[in-house]
Every structure is written in C-alpha cells, then in structure tokens.
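# How does the following fold in three dimensions:
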Amino acid sequence: MTPRSPHPHSPHPHRIDPAGGCPHALNARLLAQGPVARVTLPGGVPGAVVLGHEALRDFLGHPDAAKDARHFTALHDGTVAPDWPLRAFSDGRGMHTADGADHRRLRALVTKAFTARQVERLRPRVEELTAALLDDLARAAAEAPDGVADLRTHFALPLPMGVICELLGVAPEHRSRLHHLSDTVIVTTDTDPAEAMAAARELVALMGTIAADHRAAAALGAAGEDLTGALIAARDGDGDRLGEAELIGTLRLMLVAGHETVLNLLTNAVRALCAHPGQLALVREGRATWSDVVDETLRWDAPVSWFPFRYPTRDLTVDGAVVPRSTPVLAGYSAAGRDPAVHGPDADRFDVTRPTTGRHLSFGHGAHYCVGAPLARLEATVALERLFTRFPDLALAVPDAELPHQRSFIGNSVTALPVRPVPVPVPT
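Prediction:
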C-alpha cells in the first residue's frame, strides 16, 4: 500500500480555532478521514495531530518522535515568530523536553523524589483537604439564595492545587498566582501573544523564587521533606544533577501538570456522573469502582485534548500516513479515547464497566508516561468517593450543554461547574 501523507494529499488542513471548545464532534469528523490529520496551528504554523488510538500509541512510543525542540527547525530559522503563542510548549528544559539518555537521567532524579512512599504519605492530607473543601462547598451553596455553588472553584481546583503545592513545598501565598499563570499558559492559544509570553516568563521566575527559598531554608538547616527540596538535593549532590534550567523546568511541569489536569479530570468526572445517574448507581451498588470512573473519564472526556509537541527526527509513517521530519505534532488524547476502531461502535458512550486494559492513553505512553499518574489517581478516587458520599443527590444546576467550555484546544473541560449539592426543598 502506498503511504498516504497528511501534507501533500490534504489540500485543506484543518485550521485550529484558538478559542477551542468541546472537541468531540471535530475529533469524530477528522478521525473519519484518517488517524493523522494535517493542521494549521495558531500563528499559521503547519503541524499535524495524531488522532487514532493505535496510531497515537505507536507514535508516543516511537524512538524517532522527539520531545527536544531542537528538532523543530522552523522554530530556530526565523520561520516561526518570536512571539508565537505556543512557544512556551517548546521552550524550557526538563524531562518533558528531553530525549534518550538525557531524559532517562532527568526522570531517574525526579522518580527518586516522586516515589510511591511520597505519594502514599499524602493520602491522609488528601482526605483532610477533601473534607475541608466539601465543607466549603456546602457553605457556599447554603449562602447562595438558589443553593448553587461552583464546584470547580470550591472543590475541583483547590484540591489538586493544594496537594501539588504541598508536595512541592510551595508557600500558600504563591498558589493563587501560580494557578493564574499556569492557566494563562494552557489557554495561551486564545491569549494575546505578549500576555502569554509574559505569563510564561513570570511563571519561570516564580518557580525560581520558590527554588531559591528552598535553598535558603536548607542552608539554615530548615529544609522540609518535599519534592523541591529533594530535587535541589539531587542537583547539588555528587554525580548526576539537575541544572538550574532543568530544575525550574521540572518544577514548572509538576506544577502545571499536577493541578490543571486533575482539575479537569475531577470536573469532567462529576459532569459525566451527573449526566449518567445509572453509571453512578453501578458504583454505589459495588458493580464498578471509583477507579473505573476515573479511567472511563480519562478515556471518554480526557482532561487534555490535543497536547503539544513531538517532532519526527525523520519522515515517519504513522498508520499509513507520512509525517514529515521536523513537523510539530500534537497528541490527540481526546480523539484517541473515542476511537471506534479500538473502543467499538459505542465509543461515545460513558460506561464505567468497560474493560480497563488499554482503555486510554491520557497518561501518555512509553518513556514519557506521566510520572504523576499514581498521585492523580489517588486524588481523583478519594475526591469523587467523598463528594458523592457527602452529597448523594448532587446535581448540575444548569444543563451540561450550557456550561462554558475552556477557550483552549489543549485543555478540555468547562470553566465553571455550578452544582446544587442538596435538593431544593419542596414547599408544603
């Protein structure tokens, strides 16, 4: 069979809408044409997105699909503008932009600090934070005339932000600003380029300040047992070490990935369960678990839709489609999750009883599989179980179709989730 190319044989590449929106109808349309689509990124930069589950799995694990932006020729030869709004996803150093031996070195250092013991020791704190935030949600609803509160603001955001900041040892006074900056970077596709670049620079500077505070505390013998301190110790010790740029890049990755994705995961899971009460009943009856809910949400409504970037180091044939060398390629997680070729003709149906083996790729695949996946699972399972136990009649306050979607093609969720934790009393 002659390989098809998403470039020469696709005269009309899909022009990505910077405003994003719900991705599923677009994914279905593009996936019907093939597992790889030619796209035009914001700023007029040509690229591609891998949409099919098997194609994406193969691409994520391919040794010639690099993360290092030195393989993105147009970024360095003047073709791509200096203020390109997606440059923040290519710039920076850390394990998320490293390949081969360099990536293995960086990941080994991070993994030593991000152990199962580090994650499990957070369980009591996750449970404590969850209980306190459920109190806040109930209080906010009780104080509202209509009994409605924004679950995203009062629960889905502060829980993962609090957990990742405690893991990193970030002082409370920095947390609100960190969310604003990371959110601006994620929604950089619909942001003024100058604002996006300024947010990326400020985020790097703030992470540098946090690292400097930790080094100062360590010098005074007051270092805490947190991930930032462990990474600094790895950097400052003998042998392998994190360079300054690598340290800051790794902290930025942990902060953004550690709260934005869990925020969207929790939001999307609550939406799904409220819209599918029969599925929630299966969990309550013991016929499915909260872990099943998490996995099915990750498949059915992935918290990250199209994620930047990987760059072929040579022309690659991906499921019959040729992706030219140096093309910036997006990972289409939300599309792969509903690929009927893998998930069947009912791929669009939310079903917590689906077999879990190979269900989704939302934590990635291969060498760059998400190191924080166990923590995300811990947070999500605890949060959902406690939420629906505390508020068994939790309901959306407006139809799901009316919820405002994120203005991004990268993040996939809504910007507000008004809920009614308890039923409205019926007048007698």
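
# roughly how far apart are the closest residue to residue 418 other than its chain neighbours and residue 177?
Of all residues not flanking residue 418 in the chain, residue 397 sits nearest, at 4.0 Å (CB to CB, 6 or more residues apart in numbering). Any C-beta I mention is one placed from the backbone N, CA and C, and that applies to glycine too. Distance of residue 397 to residue 177, computed by CB to CB, to the nearest Å: 29 Å.

# Okay, now the unreliable bits of the stretch 251-400 of the chain?
356-358 (pLDDT under 70).

# Please repeat the previous calculation with a cut-off of 50.
Residue ranges of the stretch 251-400 of the chain with pLDDT under 50: none are present.

# Show me the helices in it, by range?
277-284, 290-300, 333-336, 340-343, 373-390 (DSSP state H, counting those that start in this stretch).

# Tell me the buried residues in the longest one?
Taking 16 or more other CB atoms under 10 Å as the basis for neighbour counts, the residues of helix 373-390 that come out buried are 374-388, 390.

# Now for residue 375: which residues touch it?
Neighbouring residues of residue 375 by CB atoms under 8 Å, 6 or more residues apart in numbering: 114, 119, 122, 163-164, 167, 258.

# what's the farthest-apart pair in the residues you listed?
114 and 163 (12.9 Å; CB to CB).

# out of the two, which sits in the more crowded spot?
residue 163 (25 against 20; other CB atoms under 10 Å).

# pLDDT wise, what is the closest residue to residue 234 other than its chain neighbours at?
Nearest residue to residue 234 in three dimensions, chain neighbours excluded: residue 109, at 4.5 Å (CB to CB, 6+ apart). For residue 109, the model assigns a pLDDT of 78.

# Check residue 2 too.
So residue 2 comes in at 41 (pLDDT).

# go on, residue 413?
At residue 413, the pLDDT recorded in the model is 96.

# just residue 233 next, same as before
Predicted confidence (pLDDT) for residue 233: 79.

# Let me know how buried it is, in neighbour terms.
Residue 233: 17 neighbours (other CB under 10 Å).

# my read: residue 407 touches residue 42, true?
No - using CB atoms under 8 Å, residue 407 makes no contact with residue 42, being 12.0 Å away.

# ok, back up a step: residue 70 is nearest to which of the helices of the stretch 251-400 of the chain?
Nearest of those (CB to CB): helix 333-336, 24.8 Å.

# Outside of that closest one itself, list whatever touches it.
By CB under 8 Å, 6+ apart, helix 333-336 touches 23-24, 27, 30-31, 49-53, 56-57, 301-302, 304-307, 342, 360-362, 412.

# Which of those fall in strands?
49-50, 306-307 (DSSP state E).

# Show me which of those residues is closest to residue 320.
residue 50 (12.1 Å).

# Let me know the distance separating that closest one from residue 100.
The value you get for residue 50 to residue 100, if CB to CB is used, is 21 Å.

# Which of these two has more residues huddled nearby?
When residue 50 is set against residue 100 and neighbours are counted by other CB under 10 Å, the residue ahead is residue 50, at 30 against 12.

# got a list of what the more buried one touches?
Here residue 50 is in contact with 35-36, 56, 59, 318, 329-332, 336 (CB under 8 Å, 6+ apart).
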